[in-house]
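# Model the structure of this input:
(2 chains)
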Amino acid sequence: MTLEQFLQPLSTGLSHNPLTAFGITFVGGIVASAVCPCTVPMGLGVAGLAGASQVRARYGGLQVSAAFFAGIVISLTALGGVAGRLGALATESFGRNWALGMAVLSLVAAALALWWPRMPIDRLTAWRRPGVVGSFAYGVVFSLGTSIAPFLLLLTIAAAEGRPEIGLILAFIFGLGRGLPFLLAGMAGSVITGFTRLGLRSRTIQVVSAAALLTVSAYYANVFAELK
Amino acid sequence: MSDHRSSARATLLVFAALLVLSGVPSQGLAAEASAAVADTKPSPKVVDIPVDGMACVACAASVKSAVKALPGVVGVEVNLEKRNARVTYFASLLTPDRIVAAIDKLGYTAGMPKDAP
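Have a look, this model is predicted:
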């Protein structure tokens, strides 16, 4: 069964049984994560990002992964509001630029994972929680290119209803499902770091986290090259 | 003196006329020859293939990469909104079935190829 077939019951069930339709949409978001090849490398990247943040602050990993999750959900909900213009996000030229942007962002995140813990506290305070804000922005950029095909299909179904608010609700619920695996990956990264912090040197965790983010960067650089 | 000049002019005119006349048939032949070459050169075919199961840009990239690697493919454009791939290829080197098989092999479901408008 393809993702398109999974979401198809929404076209008939949306007006008759909205609760079931919302349930299908939420599961659809999780299924989209399962079938999307970006999920595994990006999940590793978020876990690495959370792990590196956890070294610095007790709940740093949780905050960073929650910010990434919020970035996905809020961005997809906002995209649901401008459904008519989303076709531009599905073109190859946008995809090329998006993959390049993700590769650069991941590279920057990898550099920060290594360099950040060495920065003086007063400079970090002056930046006002750059990890959380940066992670939120990372989530927003990621959401623009990932799972765009099932998301567009979802909005097409909602558009057939002729009620824009339904599109917003479905986009929000889909975002919850799409972002959940990354929230869990980030939490797992934080927990593992928390457990190993006493046994391992924090520098080792930072190097592993940076390596995970470098993998994400290389992955998107390869996507960019394939689309050229 | 003036007779010499006028005869020289006449000779030049005749010579020029001969040059032009001798060039025209050869140009015509050259045009015919190049048209014949163009006729034997195969023109690429363009088809739209529906692809189900693509989720994101990475899916589009893997479909594009796999189809581009087939011999005879000139260009591939994957559209996530329309969920299809527009493939330009030489029909003498490749059949649409092979393109469909290459996409199916990746785990996506390719539909019947249709001639692009």
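
# Find the nearest non-adjacent residue to the most centrally placed residue in chain A, please.
The residue lying closest to the centre of chain A (C-alpha atoms, centre = their mean) is A:Gly139, at 4.5 Å. In space, and not counting its chain neighbours, A:Gly139 is closest to A:Gly71: 2.3 Å by C-beta to C-beta, 6 or more residues apart in numbering or on different chains. (Each C-beta comes from the backbone N, C-alpha and C, glycine too.)

# The one you found contacts A:Phe142, correct?
Yes. The criterion here is C-beta atoms under 8 Å, and A:Gly71 meets it with A:Phe142 at 7.4 Å.

# Between those two, tell me which one has more neighbours.
Neighbour tally, A:Gly71 and A:Phe142, criterion other C-beta atoms under 10 Å in any protein chain shown: the higher count belongs to A:Phe142, 29 against 24.

# Three-state assignment for the more buried one, please.
Three-state assignment for A:Phe142 (DSSP: H, G, I helix; E, B strand; the rest coil): helix.

# In contact with it, which residues are there?
By C-beta atoms under 8 Å, 6 or more residues apart in numbering or on different chains, the contact set of A:Phe142 is A:38, A:42, A:68, A:71-72, A:102.

# Repeat that for B:Pro71.
Counted by C-beta under 8 Å, 6+ apart, B:Pro71 has contacts B:93-94.

# quick one: stretch A:53-70 to chain centroid distance?
Between the centre of stretch A:53-70 and the centre of its chain there are 14 Å (C-alpha atoms, centre = their mean, to the nearest Å).

# Please export the alpha-carbon coordinates of it; CSV is fine.
Only the C-alpha atoms of stretch A:53-70 are listed here, as CSV (Å, rounded to 0.1, in the frame of the first residue of the first chain):
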residue,chain,number,x,y,z
SER,A,53,23.0,20.3,23.7
GLN,A,54,22.5,18.0,26.6
VAL,A,55,26.2,18.1,27.3
ARG,A,56,25.9,21.9,27.9
ALA,A,57,22.6,22.0,29.9
ARG,A,58,20.5,19.5,31.7
TYR,A,59,17.4,19.9,29.6
GLY,A,60,19.2,21.3,26.6
GLY,A,61,18.6,18.2,24.5
LEU,A,62,14.9,18.2,25.2
GLN,A,63,14.5,21.9,24.5
VAL,A,64,16.4,21.6,21.2
SER,A,65,14.4,18.6,19.9
ALA,A,66,11.1,20.2,21.0
ALA,A,67,12.1,23.3,19.1
PHE,A,68,12.8,21.3,16.0
PHE,A,69,9.5,19.5,16.4
ALA,A,70,7.7,22.9,16.9
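
# Around the residue nearest to A:Ala149 when sequence neighbours are not counted, count how many other residues there are.
Excluding its sequence neighbours, the residue lying closest to A:Ala149 (C-beta to C-beta, 6+ apart) is B:Leu80, at 4.4 Å. The number of residues packed near B:Leu80 is 29, by other C-beta under 10 Å.

# What of B:Pro42?
By other C-beta under 10 Å, the residues close to B:Pro42 number 11.
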